[in-house]
Each structure stands twice: as structure tokens, then as C-alpha cells.
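> Test case, fold it:
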Amino acid sequence: MRKEAEAWLRISTEDLQSAEVLFDRKLFRPACYHAQQSVEKALKALLIDRDIETPRTHNLLDLNNAVKKLGYAAALIDEDAVYLSSIYRARYPSDAGLLPLGEPIAQDAERALKIARDIAAWMKKQV
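Numbering: from 1, shown residues only. Sure thing, here's the model as predicted:
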């Protein structure tokens with residue numbers, strides 16, 4: 001794997017570790033955010049490794065589609081990509097009307113973490 005891609009993957013791992021610590025502290029909003037960031041950076045690492053300019057987006061559906069175009073098996077199901085892309089907005093106050101279901105709760109963060117862990121495991125098979 002190219003050095004730049006390795007750096008993205010390392011930060012992806014750090015984001016996942018951060019999400020896990022935050023979840024353990026019952027800080028569900030930032031746990032969701034870091035889980036999304038972990039997946040985003042992992043997908044971008046694959047694009048960078050294949051010398052594809054990474055889109056400046058946080059939309060995981062778009063990133064996952066770009067990864068699939070490179071011939072990788074679907075890393076992420078569309079439903080999970082949409083979920084994490086929507087929960088990503090958890091970095092803003094819920095009063096702003098950006099969260100689809102209000103404040104993230106434990107179940108939201110658990111789902112986000114599971115997706116991020118699954119992607120991390122999948123990435124280990126790709127590199």
C-alpha cells in the first residue's frame with residue numbers, strides 16, 4: 001500500500017479507537033462521528049492507493065460506489081452507507097434539524113461502531 005494510503009488507514013484506525021472510547025464513556029454523538037470518519041478514511045485510503053483523486057465528500061454512498069468501480073467487492077451495504085452519512089451530521093446540535101432521528105442514543109452508536117469495525121476487518125483483507 002502506498003505511503004499516503006497507509007497514513008489514511010492509520011488515521012481511520014485511530015478514529016475507530018476514538019469511537020470505541022467515546023462509546024464506553026457514553027458519549028454517543030462523538031462516537032457516531034468518529035465511526036463515520038473511520039469508514040470514510042478507510043474508503044479514501046483504497047482510492048488513494050489506486051491513485052484515484054478522492055472526492056471532497058463525506059457521503060459514504062458516493063465513496064463506496066467509487067471503491068466498487070475499482071473492482072472491490074461491496075465493502076459497505078448501501079443502507080449502512082446512507083445511515084452513517086446521515087448520522088455524520090451528529091457533529092451539529094440536533095436543534096439545527098440535521099439529525100434524522102434526534103440525538104444519537106446507545107443503539108445508534110452501537111450500529112455505527114459495528115459498521116466501522118466491519119469495514120476495519122474488511123480493510124485488513126484488502127491490504
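> drop to CA atoms for contacts and neighbour counts, all remaining ones
Will do.
> check contacts around the residue nearest the centre of the chain.
For the chain, the residue sitting closest to the mean C-alpha position, by CA atoms, centre = their mean, is residue 39 at 2.3 Å. The contact partners of residue 39, by CA atoms under 8 Å, 6 or more residues apart in numbering, come to 12, 60, 115-116, 119-120.
> The same query, at a cut-off of 6 Å, please.
Applying CA atoms under 6 Å, 6 or more residues apart in numbering, we find residue 39 in contact with residue 116.
> how near is it to residue 117?
Computed as CA to CA, to the nearest Å, the residue 39 to residue 117 distance reads 9 Å.
> ok, now residue 81?
Separation of residue 81 from residue 117 (CA to CA) stands at 14 Å.
> more crowded one of those two?
Using other CA atoms under 10 Å, the more surrounded residue of residue 81 and residue 117 is residue 81, with 23 against 19.
> Does anything pack onto the lowest-mean-pLDDT helix or strand in the chain? Which helices or strands?
Here the helix or strand of the chain ranked lowest by mean pLDDT, DSSP states H and E is helix 78-87, holding a mean of 89. When contacts are defined as 3 or more CA pairs under 6 Å, 6 or more residues apart in numbering; DSSP states H and E, helix 78-87 packs onto helix 60-69.
> same question for the helix it packs on, mean pLDDT?
Across helix 60-69, the average pLDDT comes to 93.
> Which elements pack onto it?
Here helix 60-69 touches helix 78-87, going by 3+ CA pairs under 6 Å, 6+ apart.
> Show me what the helix it packs on is in contact with.
36, 59-61.
> CSV for these, including distance to residue 29 and neighbour count?
Below are these laid out as CSV (distance: CA to CA, whole Å; neighbours: other CA atoms under 10 Å):
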residue, distance to residue 29, neighbour count
36, 11, 31
59, 18, 17
60, 18, 26
61, 21, 20
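> on that earlier part again, may I see the buried residues of the one helix or strand the residue nearest to the centre of the chain maps to?
Assigned by DSSP states H and E, residue 39 belongs to helix 28-49. Across helix 28-49, burial judged by 16 or more other CA atoms under 10 Å covers 28-49.
> Thank you, goodbye.
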